[in-house]
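Q: Build the 3D model from these lines:
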Amino acid sequence: MRDDNTRNTIIFFVAAALLLLVYQIFVIEPQTKRAMEERARQAPAAAVSTAAPNAPQMSQVVTREAAVAATARVPIDTPALKGSLSLRGARLDDLYLVQYRQTLDKNSPPVELLRPDGTQYAMFAELGWVGANVAGMPGPNTLWTLSSGSKLAPGRPVTLTYTNGQGLTFTRVISVDDKYMFTVADTVANTSGMPVTLRPYGSVQRQGVPPSLGKNGVIHEGGAGWLEGKRRPLKYAKWQKDGSSPTYTSTGGWVGITDHYWLTALIPDQKSQIDGQFRLTKAPTANILDAKFDGQVRTIAAGRQITETTRIFAGAKQRPVLEAYQDNLSIAHLDEALDWGMFWFLTRPIFGLLSWLYGYVGNFGLAILALTVIVRLVFFPLANKQYESMTKMKKVQPAMEELRAKYKDDPQKQQQELLALYQREKVNPLAGCLPIFLQIPVFFALFKVLQLEIDMRHAPFVGYIKDLSAPDPTTVFNLFGLIPWDPGTLPLMGSLFAYGSPPGFLHIGVLPILYGFTTWLTTSMSPPAPDPIQQRIFQLMPLLFTFIMAQFAIGLLVYYTWSNCLTVLQQYVIMRRFKVDNPIDQIIRKVTGKPKPEGVG
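A: I've put the predicted structure just below:
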């Protein structure tokens, strides 16, 4: 039997080796040869790629007005956008969002989205063609001719033309809708008498990042796109540190640059294959960040013409608008321009609910209060179990302390007695943990939603709250405005007290103090930690979070303070039902001088 096994093993290995040899000769080698031949055929076409962005055209930084006046332009006028299109390079480089102001001042200028080359922090979008060994291709300095139209507006497209003198005529028809979408139809006619090979490209370029951008740790700012079936975010800091990203070969999708509330994105034909990339180009004046795509290589026969249609989204990241474009124009996952975060499955429905509430009540602050109530109602049964368990633990706390003191030298006996106490009083120390863990994802999702929602920007609430997206403007150090003095003007330490976005660490307003107080109440109603050091840490947490939360938008504080109030109310009712003393009753007794009721532990 052993001889047969040996023989069979030898036969098996010889047969396997022969099979591998045959497979290598007749399958692997022909496939490799065909792949090399294919790459060789495509080599000239692959050389047709977008060159690195040029350094800023002007040798020194000029004002925005001077840069706009330096080139011939076509005005842009829509209900949502104002600006102009440069005939030099046919760039979209002068654009304002007229429905959004930079500040709360009614005379504040509209939000600027794009600005021309040559200005500080220039940002613009351009489309074009590149060709290997094709002379006279239009570039950044090419002056196009306005062939038809005088103003770009909804229903009023404009046509630009350029002839390179080498038998190629470029025609660009640009249209815009009443929101934020530009449609660019590029036609190339070949009368040169010989075929030419071209490749379309698009680029959103930012020349340097303003200091105010890239510091938001909650909402993504930087490169954005949907390529190779995935969301492709690239933060400004990482982009500038690590340099250019890999090239993503994708069918359809989009690529661009996003800030907190705004997006400029290039959207090629969704059925075409593109190569998308985020590039970094070093320049003497500023790092050039370039979100770009290269389209499919196109060969234009003599006497023929081709047309490439590309869309440019330039505007506010309003979810209904993004979703309408996504559905009506079949743009892959355009709503992923909104940073839904890792808990997207919670963020999306909560975002939708908040938007619906805002549309119903008409005030974003009231919508936040209503959302808080709904969330608390959803978690009411879990929270009730949690608070009941915590109340029972607080009720047996004196007995636990006695056992710890009695058996402090015998940890094993102490543990046995504590377990016996839990059984007698029907207390489960771990019962309050599960509801907390289940609520953590919702906590983070709500935090993301309130940072993400553009309707909270410059939205008033009540009283002194004029902008829910800004930090609390009041400060305790001038008695919340009663004293006509700005603590931010203090020498040396003024920055610690100054109001800004974010404010100084010591800028503490009305709502952060209310948040800290309600957080202290909820903490005081919970059973104390067994370790004295842990107790001290928990006592300091409300104070610490007061300073931390003061840095965030006041809309977030409205939610968390109101949520704390509802939590305190729920805990108070449960503690009264179980006849457990609580800090609210203690405060009332101190004010009124009444004694502690009998039977209250």
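Q: Where do the strands of the stretch 351-500 of the chain begin and end?
A: Counting by DSSP state E, counting those that start in this stretch, the stretch 351-500 of the chain yields no residue ranges for strands.
Q: and if you look at the stretch 51-200 of the chain?
A: Taking DSSP E, counting those that start in this stretch as the criterion, the stretch 51-200 of the chain contains strands spanning 73-77, 81-86, 91-101, 110-114, 123-130, 145-148, 158-163, 168-176, 181-190, 196-207.
Q: which regions of the stretch 301-450 of the chain sit below the pLDDT cut-off?
A: Segments of the stretch 301-450 of the chain classed as low confidence (criterion: pLDDT under 70) are 428-436.
Q: now swap in the chain and tell me
A: Applying pLDDT under 70 to the chain picks out residues 1-59, 428-436, 529-531, 598-601.
Q: Check the gap between residue 188 and residue 568 for me.
A: Counting by Cβ to Cβ, to the nearest Å, the gap between residue 188 and residue 568 amounts to 69 Å. C-betas here are computed from N, CA, C, even on glycine.
Q: mind listing what residue 375 touches?
A: Each residue near residue 375 by Cβ atoms under 8 Å, 6 or more residues apart in numbering is listed here: 442, 446, 563.
Q: Ok, residue 275 next?
A: When contacts are counted by Cβ under 8 Å, 6+ apart, residue 275 touches 49, 247-250, 293-294.
Q: Could you dump the contacts of residue 375 into TSV with distance to residue 131 and neighbour count added?
A: Written out in TSV, the entries for those read as follows (distance: Cβ to Cβ, whole Å; neighbours: other Cβ atoms under 10 Å):
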residue	distance to residue 131	neighbour count
442	54	16
446	52	25
563	60	22
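Q: coming back round to it: ok, which of the strands of the stretch 51-200 of the chain comes nearest residue 522?
A: Evaluated with Cβ to Cβ, these place strand 91-101 nearest to residue 522, the distance being 37.3 Å.
Q: picking that back up, can you tell which of the strands of the stretch 51-200 of the chain is closest to residue 61?
A: Per Cβ to Cβ, nearest to residue 61 of the strands of the stretch 51-200 of the chain: strand 196-207, 9.9 Å.
Q: Mind listing the strands the helix or strand following the closest one pairs with, and their directions?
A: Later in the chain than strand 196-207, the nearest helix or strand by DSSP states H and E is strand 222-227. Strand pairing for strand 222-227, determined by DSSP bridges: strand 230-231 (antiparallel), strand 234-235 (antiparallel), strand 254-258 (antiparallel).
Q: Now do the buried residues in the helix or strand following the second one.
A: Towards the C-terminus, the helix or strand next in line after strand 234-235, according to DSSP H and E, is helix 236-242. For helix 236-242, burial by neighbour count (16 or more other Cβ atoms under 10 Å) applies to 236, 239-240.
Q: What of stretch 400-418?
A: Neighbour-count burial for stretch 400-418, counted by 16+ other Cβ under 10 Å, picks out 400, 403, 407, 414, 417-418.
Q: Neighbours of the residue lying closest to residue 312 once chain neighbours are set aside, how many?
A: Take residue 312 and drop its neighbours on the chain: the residue closest to it by Cβ to Cβ, 6 or more residues apart in numbering is residue 182, 4.3 Å away. Residue crowding around residue 182 was assessed by other Cβ atoms under 10 Å; the count is 25.
Q: any idea how far residue 97 is from residue 182?
A: 14 Å.
Q: can you check residue 415 too?
A: Remark: distance between residue 415 and residue 97 (Cβ to Cβ) = 64 Å.
Q: go on, residue 276?
A: Taken as Cβ to Cβ, the spacing of residue 276 relative to residue 97 amounts to 25 Å.
Q: Between the two, which is the more surrounded one?
A: When residue 276 is set against residue 97 and neighbours are counted by other Cβ under 10 Å, the residue ahead is residue 276, at 27 against 21.
Q: That one contacts residue 290, doesn't it?
A: No. Residue 276 is beyond contact range of residue 290, at 11.3 Å (criterion: Cβ atoms under 8 Å).
Q: nearest to residue 477, of the strands of the stretch 51-200 of the chain?
A: Evaluated with Cβ to Cβ, the strands of the stretch 51-200 of the chain place strand 91-101 nearest to residue 477, the distance being 29.3 Å.
Q: So which of the contacts of residue 375 sit within helices?
A: Taking DSSP state H, the ones among the contacts of residue 375 that sit in helices are 442, 446, 563.
Q: Skipping adjacent residues, who's closest to residue 528 in space?
A: Closest residue to residue 528 in three dimensions, ignoring its sequence neighbours and counting by Cβ to Cβ, 6+ apart: residue 535, at 5.2 Å.
Q: That neighbour sits in which helix or strand?
A: Secondary structure (DSSP H and E) places residue 535 in helix 532-549.
Q: before we move on, what about residue 518?
A: Secondary structure from DSSP H and E places residue 518 in helix 510-524.
Q: Using neighbour counts, pick out the buried residues of that helix.
A: Going through helix 510-524 with 16+ other Cβ under 10 Å, the ones that come out buried are 510-516, 518-524.
Q: go on, stretch 113-130?
A: Here stretch 113-130 shows 113-119, 121-130 as buried, counting by 16+ other Cβ under 10 Å.
Q: ditto for stretch 208-225
A: By neighbour count on 16+ other Cβ under 10 Å, the buried set for stretch 208-225 is 208-209, 214, 218-225.
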